[in-house]
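> coords please:
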Amino acid sequence: MEKGLVSVMMPAYNAAQFIAEAIESVLAQTYSRWELLVVNDGSTDETAEIVARYTDPRIKLIHKENGGEASARNVALDHSTGEFIAYLDADDAYLPHHLSVLVEYLQSHPDRDAVYTDGFHFDPTGKRLQPLSARRRGPFEGRIFEEVVRASDVFGPPLCVMLRHQLVAEHHLRYDTRIVIGPDWDFFVRFADLGTFGYVDDRTCLYRIHETNISVQVGMQRRAGYLAICRENAIKMPNFDTLSAETRTAVFYDLLIELLAGQPEKQNDVTQWAQFQALPAAEQARLLRLLASQSLLAENGQSELTAQWLAESRRLNPADKRGAVLAALYRVHPAVGRLFLRARNFFSPQVKQTSPLGDIK
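This is a model prediction of the structure:
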């Protein structure tokens, strides 16, 4: 690893519309010690031709068959030679001081293994919209493993993050190629378990919102499937059990109630995991009651699992009044329990799911 060098990773698939702007933003950096690793992920447009027009030796074009963002990032990691690793997707851009701010922080804070900044969302015309921090919790510094596991809104898009390469190399961290939505979150969860983060309150980068964003293109059901893998990976990490009961419960709620909705057999399998059974009894009971409610409301509810979940919920927390009412109504007849739940939901309507970037203004 070359000291002071920043390896900028840029996966590119059919990125001809914006990739020149992204590259120009790297060339405009006030910090000049960088290598830009453009991984052409089987593009069928003019992506490769546009990149090839740049003669700066710091820009390296790497070709591979199409395999997705995670596999492209792995190729970039394999070719990285810098002390630091930075992120730039082919439709985003750095502001001129981005690399200098991040490198200066890491060089002056040897106790930190990574750093992140703020930035702006911007539209295809270049108009700046909300800051990235408008959709974040935090900022957080130090060991932030719990915060990163809790949800993906610590960093937002990865272009605001810089990592020390040494920690990645020592632990051979790589991206999970099964994940299309959330591979960076999954990667940062594992990095955050090993290293510490700093934060610089400066808006140094631009994250573009447009109709071909992968986050916009992928349907909600497929998105849930990919995020479920992120959740499962986190739960199976050795240090998951060191997290607070509140965070562990929130992770299981997200996986069981949100991401695996409509998949009762998978949901039931998860309730058998040791990590689920290590939750406080009252939280296990609540989640099982919610699973039973969800199943009961489904058009083809799994009656055997519904009864099983209700019974186990009552065993774990006999004092739960909601569980007692639902179990009693279910014993009268499942249809009675279903009518009760539908009536309750009528007066407490659920928030309709929309595009994950639909609220950006």
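> Return the list of strands paired to the host helix or strand of residue 36, each annotated with direction.
Following DSSP states H and E, one finds residue 36 within strand 34-41. Its sheet considered, strand 34-41 pairs with strand 2-12 (parallel), strand 59-64 (parallel) by DSSP bridges.
> so how far is it off the chain centroid?
In terms of C-alpha atoms, centre = their mean, to the nearest Å, the centre of strand 34-41 is found 22 Å from the chain centre.
> and it, C-alpha only, in PDB?
C-alpha atoms of strand 34-41 as PDB (Å, rounded to 0.1, in the frame of the first residue of the first chain):
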ATOM      1  CA  TRP A  34      -5.000   9.300  -6.000                       C
ATOM      2  CA  GLU A  35      -5.700   6.400  -8.400                       C
ATOM      3  CA  LEU A  36      -9.100   6.100  -9.900                       C
ATOM      4  CA  LEU A  37     -10.100   2.500 -10.500                       C
ATOM      5  CA  VAL A  38     -13.000   2.400 -13.000                       C
ATOM      6  CA  VAL A  39     -14.400  -1.100 -13.100                       C
ATOM      7  CA  ASN A  40     -16.400  -1.500 -16.300                       C
ATOM      8  CA  ASP A  41     -19.000  -4.100 -15.300                       C
END
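> got the contact list for the helix or strand following that strand?
For strand 34-41, the succeeding helix or strand toward the C-terminus, using DSSP H and E, is helix 47-52. Helix 47-52 has contacts (C-beta atoms under 8 Å, 6 or more residues apart in numbering) with 12-16, 19-20, 23, 38, 40, 59, 61, 63, 90. (Each C-beta comes from the backbone N, C-alpha and C, glycine too.)
> again, but for stretch 95-104
Counting by C-beta under 8 Å, 6+ apart, 4, 6, 8, 25, 28-31, 33-34, 84, 86, 115, 117, 119, 162, 200, 202-206 sit against stretch 95-104.
> tell me how far it is from the chain's mean position?
Taking mean C-alpha positions (C-alpha atoms, centre = their mean), stretch 95-104 and its chain are 24 Å apart.
> which of the residues in that stretch are buried?
Judged by neighbour count using 16 or more other C-beta atoms under 10 Å, the buried positions of stretch 95-104 are 95, 97-103.
> Report the buried members of the contacts of stretch 95-104.
For the contacts of stretch 95-104, buried by 16+ other C-beta under 10 Å: 6, 8, 25, 29, 31, 33-34, 84, 86, 115, 117, 119, 162, 200, 202-206.
> now, which of those lie within helices?
Within the buried ones among the contacts of stretch 95-104, residues falling in helices by DSSP state H are residue 25.
> So what's the model's average confidence on stretch 313-321?
Summarised as a single mean, pLDDT over stretch 313-321 is 95.
> Quick one: end-to-end length of it, please.
Across its full length, stretch 313-321 reaches 11 Å end to end, with C-alpha to C-alpha, to the nearest Å as the criterion.
> For residue 170, which of the strands paired with strand 34-41 is the nearest?
Among the strands paired with strand 34-41, strand 2-12 comes nearest to residue 170, with 15.9 Å by C-beta to C-beta.
> Show residues contacting the closest one.
Against strand 2-12 from outside (C-beta under 8 Å, 6+ apart): 19, 22, 26, 31, 33-41, 43, 47, 51, 69, 72-73, 76-77, 79-90, 99, 102-103, 107, 162, 165.
> Buried among the residues you listed? Make that a ChimeraX selection.
The ChimeraX command for the buried members of the contacts of strand 2-12 (criterion: 16+ other C-beta under 10 Å) is given here:
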select :19,22,26,31,33,34,35,36,37,38,39,40,41,43,47,51,69,72,73,76,77,80,82,83,84,85,86,87,88,89,90,99,102,103,162,165
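> For residue 330, list the residues it contacts.
The neighbours of residue 330, taking C-beta under 8 Å, 6+ apart as the test, are 292, 296, 306-307, 310, 336-337.
> most surrounded residue in these?
When neighbours are taken as other C-beta atoms under 10 Å, the top entry among the contacts of residue 330 is residue 292 (27 neighbours).
> Could you name the specific helix or strand carrying it?
According to DSSP H and E, residue 292 maps onto helix 281-297.
> C-terminal to the helix or strand bottoming out on mean pLDDT in the chain, what's the next element?
Using mean pLDDT, DSSP states H and E, the weakest-scoring helix or strand in the chain turns out to be helix 214-217, at a mean of 48. Per DSSP H and E, the first helix or strand lying C-terminal to helix 214-217 is helix 220-235.
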